[in-house]
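A.B. asks: Okay, here's the prediction I keep looking at, along with the sequence it came from:
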Amino acid sequence: MAIVFGLAVLGCAGPDGPEKPENDRSPANHPPGPAFGAPLTAAPPATLVQTVAELEHRAEQAEKKIDPLRREVESDPSNAQKQHTLGRALYEANFKEQAIVHLERAAELNPSVRMLLDLAVGYGGAARLDDAKRAYERLLKLSPGFSIALHNLGVLAHRRGEFDEAVGYFNRAFEKESNYLLARLHLGDSLKASGRLQDAYRTYEQVLGLEPSNSQEASGYVDALYKLASLDLKMGAYERAGKFLTELIQMAPNHNKAHYAYGQVLLYMGDPEEAQKAFDKHVQILAAEEPKSPVAMGN
């Protein structure tokens, strides 16, 4: 579940960015349609722009979509939905500050759960954490049990290094929704960051007892496997770490960190030949991920 703390704030690797919830966790008064602001968690890495020409092409395509939306707003500036649609389009084109201007206006014209959620996510994506927190708190006054807002506040607190506060928000989120997989995952991250490793380990184990309901939660499940294996490696529980990593690699064969960790497990267990194969696979995946030409400035 989200999301993402970007536009969500925590990432699968930890509370670091927002995401779009793919399943409906919204309260009854949430307007229909997919929510723009999913719980703040790790958004997928951006596709590398390999040439200036490609960057210019993407900017041109974005402008083709945005220009008519601008004209609609200019012709009807008091229309909250048109302001909101333009704000979302600008955000998705990575014009974060411009997006916020229109998302703020939309929320001013129509301070609904949907408008406030997207505004808060926009603030988070632009690293305006204090503004994001205020927007989520305002949203919770409208819908006190909105689990996405509670989760994303936890992500924001984690980003600020306020781990105990983050733990409180994550606990409140899955009190409202017990199967909120990402809230439990990110609770583990905050427990781990605060040095409560045993509690973090148990929390990651609880993630594995939940059924992912969308691709974001499936990514969170894989992340929990990796984090459990990493903690087992530190504790010298190599066989258990190996089991977690084997399951992870079956689910995500191109997870390069898993192959490297599995190589370490095999080394500790006295199998250097198989360990070298795992390290080689790690290198192959890294090489495939590298840009074939310099990344365009500003990507």
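C.D. replies: Cool, got the structure. Numbers count the residues shown, from 1 in each chain.
A.B. asks: Could you give the separation of stretch 72-88 from the chain centroid?
C.D. replies: Distance, stretch centre to chain centre, for stretch 72-88: 27 Å (CA atoms, centre = their mean, to the nearest Å).
A.B. asks: Span of it from start to end?
C.D. replies: Distance across stretch 72-88, first residue to last, is 14 Å (CA to CA, to the nearest Å).
A.B. asks: what do you get for stretch 204-222?
C.D. replies: 11 Å.
A.B. asks: Can you list the buried residues in that stretch?
C.D. replies: 204, 206-207, 210, 212, 214, 216-222 (16 or more other CB atoms under 10 Å). No exception for glycine: its C-beta is placed from N, CA and C like everyone else's.
A.B. asks: so can I have a markdown table of these showing secondary structure, pLDDT and distance to residue 112?
C.D. replies: Below are the buried residues of stretch 204-222 laid out as a markdown table (DSSP: H, G, I helix; E, B strand; the rest coil; pLDDT from 0 to 100; distance: CB to CB, whole Å):
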| residue | secondary structure | pLDDT | distance to residue 112 |
| --- | --- | --- | --- |
| 204 | helix | 98 | 36 |
| 206 | helix | 97 | 33 |
| 207 | helix | 97 | 32 |
| 210 | coil | 95 | 30 |
| 212 | coil | 94 | 29 |
| 214 | coil | 92 | 24 |
| 216 | helix | 92 | 24 |
| 217 | helix | 94 | 26 |
| 218 | helix | 94 | 30 |
| 219 | helix | 95 | 29 |
| 220 | helix | 96 | 28 |
| 221 | helix | 97 | 32 |
| 222 | helix | 96 | 34 |
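A.B. asks: Nearest to residue 250 among these?
C.D. replies: residue 222 (10.2 Å; CB to CB).
A.B. asks: Is it correct that the closest one is in contact with residue 254?
C.D. replies: No - when contacts are counted by CB atoms under 8 Å, residue 222 is not listed as touching residue 254 (11.1 Å).
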